[in-house]
Structures are given as C-alpha cells and as structure tokens.
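[1] Give the three-dimensional model of this entry:
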Amino acid sequence: MKFILGALLCLATTAPTLAAEPPAVSSPAPSTIPAAITAQARQTYLDILANKLDRSTLDAKMNALMTDELIGKFAAQLGPLGAPTEFVPLGQQAADGSMAYVFLMTFADKTQLHWIFSLDKDGKISGLYAKPVSAQ
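    Alright, predicted model coming up:
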C-alpha cells in the first residue's frame, strides 16, 4: 500500500503551508514522553480515523486547517490499516513554542508509520503528521 501523506497532514504551527516538512525523525532512543501524552497521541490518531476528532483539543490554527474533508481523506487513506498494534514513543523536540512528540506505529500487516504529534504551551494540538517509515 502506498501513502501520499506529505501534504495531507503536515499541519504544525511552525509550518507556513501544508507542504512544509515536519520535525526530522531520528533513530529510536530511550523516550521520556509521559504516558498521558502517548495515550492522547494514540487516541487522536484513532479519533481521526473514526472521523470524530474533538476540536476542543486543537489550537485555533489546527482547528481551521483540520477540515472535515481533510479528516475524511486521512481516514479513507489510512483506515484500511486499522488501529496500530504497537504505538512506541521515540522522542520529542521543542520548536517555536510547541513540543513535537514522535511515535512509531506498527500495524497488523507490518506497515510502519511515524506519527508526529505537537502540543502548544497550553496543551492544545498544534501539529499532526503521519509519515511512512523509510526502508533501510
């Protein structure tokens, strides 16, 4: 299955357009991401797949960018993978007042995606990005 994700959900407050690149994904390292943030990141992914994103969790820019049409496209593209069977925190990086958290999602068919989930200083979602893991 091929994914066209670059422009689909690269929506960070640091990104001036939908086509901007998210924070770089580095090799797995011991993670200090709190369990509550990991749970929120996973649930946000599942909510998007189910077309039931809680807009109160988004900052103003993300709320404007996450149209029902965009959420529907994301769900249609990645919905066939189902829920991740593994959701592993990899690391985090601060950028422009937000903290980007990187997770590795593995699915039943062994597909792997990086899920980059950013929160602003008020705890609102300020960026989301799904990116296929490059073959090495």
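[2] Assess the claim that Thr38 and Gln92 are in contact.
    No. Contact status for Thr38 versus Gln92: not in contact, 10.8 Å apart, counting by C-beta atoms under 8 Å. Using the backbone N, CA and C atoms, a C-beta is placed for each residue, glycine as well.
[3] With adjacent residues omitted, what lies nearest to Asp122?
    Distances taken as C-beta to C-beta, 6 or more residues apart in numbering put Asp59 closest to Asp122, at 7.4 Å, once the chain neighbours are dropped.
[4] Got the phi and psi for the one you found?
    Taking degrees, to the nearest 10, you get phi -70, psi 170 for the backbone angles of Asp59.
[5] what's the overlap in contacts for Thr38 and Gln92?
    Tyr101 (C-beta atoms under 8 Å, 6 or more residues apart in numbering).
[6] May I see the buried residues of the one helix or strand Ala130 maps to?
    Under DSSP states H and E, the secondary-structure element containing Ala130 is strand 125-132. Neighbour counts over strand 125-132 (16 or more other C-beta atoms under 10 Å) mark Ile125, Ser126, Gly127, Leu128, Tyr129, Ala130, Lys131 as buried.
[7] what helix or strand does Met105 sit in?
    Secondary-structure assignment from DSSP H and E places Met105 in strand 98-106.
[8] and the residue lying closest to Gln92 once chain neighbours are set aside, what is it in contact with?
    With sequence-adjacent residues excluded and distances taken as C-beta to C-beta, 6+ apart, Gln92 is closest to Tyr101, at 4.9 Å. Under the criterion of C-beta under 8 Å, 6+ apart, the contact list for Tyr101 reads Ile33, Ile37, Thr38, Ala41, Pro89, Gly91, Gln92, Ile116, Phe117, Ser118, Leu119.
[9] from the middle of its chain, how far away would the longest helix along the chain be?
    Using DSSP state H to assign secondary structure, the helix with the most residues in the chain is helix 35-49. Averaged C-alpha coordinates place helix 35-49 at 9 Å from its chain's average position (C-alpha atoms, centre = their mean, to the nearest Å).
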